[in-house]
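*Asks:* Take a look and give me a structure for this.
(chains A and B)
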Amino acid sequence: KAGVTQTPRYLIKTRGQQVTLSCSPISGHRSVSWYQQTPGQGLQFLFEYFSETQRNKGNFPGRFSGRQFSNSRSEMNVSTLELGDSALYLCASSWTSGRSYNEQFFGPGTRLTVL
Amino acid sequence: AQKVTQAQTEISVVEKEDVTLDCVYETRDTTYYLFWYKQPPSGELVFLIRRNSFDEQNEISGRYSWNFQKSTSSFNFTITASQVVDSAVYFCALSGSIIQGAQKLVFGQGTRLTINP
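*Replies:* Prediction:
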């Protein structure tokens, strides 16, 4: 079974631009979560999608948004980029019944650099 | 609020030594889940183990073992006879009660483990 894939793997943008990152979950997984990893703040939860609906959201400004498609693929968008948005963005997928916790499997991440 | 603390920022040992990574957590949930993930230089988080709050049985998997103690809110990870390939950043994480199935992990700051030959 193929793992979680993320595209692109590396991205360089300038302040003020916007960016879209893509995540394809493991086949059969319907939950997709996004995390931001920075040296200063560590790993922080951004949001989670299940069946095209956002179920949970972390403490990030509205510039960070996401969506999920009917095939469970997900995208996250960051508008008006700031230098502090430079980070490794990790996507994770899991099979979830909604009644218990299932392991999240992570992709390789997209490293975003904002200049 | 939920919180995970990994007090050891960096650990460096010589190959074949045993090493323990500490993890202390805080949560008000009665049902919760604890995890360990490994992050090699490639960046991908690799799942190692999950523990439910109602299962305090320790677990061993090859050279890896985990000690879960609710009384001290700790979930420590021991690598026996360490190898150079164990070098990575290790994260402890916590997920609280499932609300409408929502999945969310709270991570510790990570411990960078270096195994020297």
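*Asks:* who's in contact with the closest residue to residue B:46 other than its chain neighbours?
*Replies:* Nearest residue to residue B:46, sequence neighbours excluded (C-beta to C-beta, 6 or more residues apart in numbering or on different chains): residue B:38, at 4.5 Å. To be clear about C-beta, it is placed using only N, CA and C from the backbone, and glycine gets the same treatment. Contacts for residue B:38 (C-beta atoms under 8 Å, 6 or more residues apart in numbering or on different chains) come out as B:45, B:46, B:48, B:88, B:89, B:90, B:91.
*Asks:* Kindly recompute the last result at 7 Å.
*Replies:* Counting by C-beta atoms under 7 Å, 6 or more residues apart in numbering or on different chains, residue B:38 touches B:46, B:48, B:88, B:90.
*Asks:* Which residues are in contact with the last one?
*Replies:* Listed by C-beta under 7 Å, 6+ apart, the contact set of residue B:90 reads B:21, B:36, B:38, B:77, B:110, B:111, B:113.
*Asks:* Apply 8 Å and report the result again.
*Replies:* B:6, B:21, B:36, B:37, B:38, B:39, B:77, B:110, B:111, B:113.
*Asks:* So which residue is smack in the middle of chain A?
*Replies:* Centroid check for chain A by C-alpha atoms, centre = their mean gives residue A:34 as the closest residue, at 3.0 Å.
*Asks:* Mean confidence (pLDDT) on the host helix or strand of that residue, please.
*Replies:* Counting by DSSP states H and E, the element that carries residue A:34 is strand A:31-38. In this model, strand A:31-38 carries a mean pLDDT of 95.
*Asks:* Pull out the CA atoms of it and give them to me as PDB.
*Replies:* Written as PDB, here are the backbone C-alpha positions of strand A:31-38 (Å, rounded to 0.1, in the frame of the first residue of the first chain):
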ATOM      1  CA  SER A  31      -9.200  11.500   7.800                       C
ATOM      2  CA  VAL A  32      -6.500  13.900   6.800                       C
ATOM      3  CA  SER A  33      -4.700  16.200   9.300                       C
ATOM      4  CA  TRP A  34      -2.200  18.900   8.800                       C
ATOM      5  CA  TYR A  35       0.700  19.900  11.100                       C
ATOM      6  CA  GLN A  36       3.200  22.700  11.000                       C
ATOM      7  CA  GLN A  37       6.700  22.100  12.300                       C
ATOM      8  CA  THR A  38       9.100  24.900  13.100                       C
END
